[in-house]
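Peer 1: A predicted structure for the sequence below; I have some questions about it.
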Amino acid sequence: MFALLISATTALSALQHAFDASADWKMDRRLAGSKRVFTTSGTVTCKSGEGIVWTVLRPFESSVTMGKEEMIFEDEDGKRVKPLKELPHYAHLREATDKFVAGDSHAFDEIFEIEESSLDDGGWKLKLTPRVRAVKRLIEE
């Protein structure tokens, strides 16, 4: 079997360009102790140097805007703004994201263990496993 190998530069370059794009997403979550899967879906819009907007369309509409100086949460309860100074781990992640988009391929090394692999169809897969305990509470991988 022939496997197409890609370089880390190719995968990281593609990911850097994704920070100026939009996409649909779907996430399946399972709460601890439950066998039931909760599925959400929506869109994500990334603008380099500005921020990322996660919009949940189903099952309930909401959004999280990850801006340069704050995070804005909007849902059925209204709009809440959290300044960057109240979110120290977010500030660190935001700084790393800006460095990554600017070309620093090692910007996430302290935050995530990075593992990449090629796919049979010529694509690639990048697995990010949090190294920081606070991030581990939000993201498993």
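Peer 2: Yep, it's here.
Peer 1: regarding stretch 19-36, how distant is the last residue from the first?
Peer 2: 32 Å (CA to CA, to the nearest Å).
Peer 1: would you mark the buried spots in that stretch?
Peer 2: For stretch 19-36, a neighbour-count test (16 or more other CB atoms under 10 Å) marks F19 as buried. To be clear about C-beta, it is placed using only N, CA and C from the backbone, and glycine gets the same treatment.
Peer 1: what about that stretch, distance to the chain center?
Peer 2: Computed by CA atoms, centre = their mean, to the nearest Å, the chain-centroid distance of stretch 19-36 equals 11 Å.
Peer 1: what does it contact?
Peer 2: Stretch 19-36 is contacted from outside by 37-48, 52, 54, 97, 100-101, using CB atoms under 8 Å, 6 or more residues apart in numbering.
Peer 1: low-scoring stretches of the protein, by residue?
Peer 2: 1-13, 15-16, 18 (pLDDT under 70).
Peer 1: which residues in it form helices?
Peer 2: Here the chain has its helices, by DSSP state H, at 8-17, 88-101, 133-136.
Peer 1: reformat those as a markdown table; add distance to D120 and mean neighbour count.
Peer 2: Shown next, in a markdown table, are those (distance: least, CB to CB, whole Å; neighbours: other CB atoms under 10 Å):
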| stretch | distance to D120 | mean neighbour count |
| --- | --- | --- |
| helix 8-17 | 16 | 15 |
| helix 88-101 | 27 | 16 |
| helix 133-136 | 31 | 12 |
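Peer 1: sounds good, over and out.
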